[in-house]
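got a predicted model here, sequence first, then my questions.
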Amino acid sequence: MSRAHRGPETNGARRNGDRAAGAAASAASAAGELRDAGRQVAEDAWSAQVNALGGFIRSQRQMAKLSLREMAAMTKVSNAYLSQVERGLHQPSLKVLRSIADALHLNTDQMLSRAGWSVRDDEPEVPAGGAPEPAEAPAPPGVEVAIAADARLSDEQKAALLGVYRSFVERS
C-alpha cells in the first residue's frame, strides 16, 4: 500500500496519539506543580512556626530581663546561635530547647505550647531505648479543595488531577 492511501487514517491516528500524549504530559506537569505547591505550603507553615517560637523565646528572655549573653551563658549555647533562633533562622534541637526552657523557668512543653506549637496528647510514646513509631504526615490543607474549586478545570480534568494527587499521597 502506498503512503498516499494510508495518509488520512495514519495522520488522524497520529494526531489522536499526540493529543493523548499531550494530555498525559499536561497532567504530569500539573501534578508536579501541585506537589511543589504543597511542599511550599508546608515549608511556609513550618517557617511561620519557627518564627513564632523564636519570637516567643525572645519575648520571654526580655521579660526575664536577661541579655542575650546572659541567656547564652545559662544555656551553654552561643549568643550568635541564640540570636538566630530568636529570629527564626535556625531550628533548635530538643536539647537546646530544653536548656532555653530551663533558663526561662518553663518546661519544654509549656514553652512550645505558649509559642503556638501544639503538644498533642496523641503523639506516639517513645519506648525505652527506641524511637517512636513514624506518624503519618498530615496532608497539606486544601489541595483537593483547590482542585475541586478551580473553575478553569473540567470535571474530567479535576478527576484526573485528584487521582494523580491521591496516588502520590498514598505512596508517601
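Structure's in. What do you need?

helix or strand right after the lowest-mean-pLDDT helix or strand in the chain?
For the chain, using mean pLDDT, DSSP states H and E, the weakest element among its helices and strands is helix 3-63, scoring a mean of 70. Going down the chain from helix 3-63, the next helix or strand is helix 68-75, by DSSP states H and E.

send the alpha carbons of the helix or strand just after that next one over as CSV?
Using DSSP H and E, the helix or strand that directly follows helix 68-75 along the chain is helix 79-86. Once non-C-alpha atoms are left out, helix 79-86 reads as follows in CSV (Å, rounded to 0.1, in the frame of the first residue of the first chain):
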residue,chain,number,x,y,z
ASN,A,79,24.8,34.1,71.8
ALA,A,80,25.1,34.2,67.9
TYR,A,81,23.1,30.9,67.7
LEU,A,82,20.5,32.1,70.2
SER,A,83,20.1,35.3,68.2
GLN,A,84,19.5,33.2,65.1
VAL,A,85,17.0,31.0,66.9
GLU,A,86,15.1,34.1,68.1
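
any chance you could list what contacts stretch 103-117?
49, 52-53, 55-57, 60-61, 64, 66, 71, 74-75, 94, 97-98, 100-101, 119 (CB atoms under 8 Å, 6 or more residues apart in numbering). No exception for glycine: its C-beta is placed from N, CA and C like everyone else's.
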